[in-house]
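A.B. asks: Sequence and predicted structure, then a few things I'm wondering about:
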Amino acid sequence: MKRDYYSSSIEKFLDASPDEILGSLTRNIPFSVEPNQSGAWLEEIRILKTALRDFSGQVYFEYSIPGMRRCIDVVLLIEAALFVLEFKIGEHQFTS
């Protein structure tokens, strides 16, 4: 069972255009995507393309947590490290 809506090696992620990545996300997500969500994804992609230039590994967007109805924004696997990233693009309050 695929648990993410976009996954790739970091190298392929860096080579892909933001529109390609966004297209993959919106094709795989099981609900309609609001404009603010696609804008947030584009900003996340921009940030990660800058931050990951010197790394290799895997990147996963919207990773579903087994047993919960929630997704992690981005999971990074770099060497033996696992990074769980939660973005709050455009938010003014940080609710649980």
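C.D. replies: Received, thanks.
A.B. asks: can we go C-alpha only for contacts and neighbour counts from here?
C.D. replies: Will do.
A.B. asks: I figured Q58 hits I78, correct?
C.D. replies: Yes - counting by C-alpha atoms under 8 Å, Q58 does reach I78; the two are 6.7 Å apart.
A.B. asks: who does the residue nearest the centre of the chain bridge with?
C.D. replies: Nearest to the mean C-alpha position of the chain, by C-alpha atoms, centre = their mean, lies F61 at 2.7 Å. Here F61 sits in beta bridges with Y6, V74, going by DSSP bridges.
A.B. asks: What lies in contact with stretch 36-47?
C.D. replies: Contacts of stretch 36-47 with the rest of the structure, by C-alpha atoms under 8 Å, 6 or more residues apart in numbering, involve 18, 22, 87, 89-90.
A.B. asks: hmm, try it at 6 Å
C.D. replies: Stretch 36-47 has contacts (C-alpha atoms under 6 Å, 6 or more residues apart in numbering) with I89.
A.B. asks: Sort out which residues of that stretch are buried, please.
C.D. replies: Using 16 or more other C-alpha atoms under 10 Å as the test for burial, stretch 36-47 gives 40-45.
A.B. asks: Right, I'll call it a day here.
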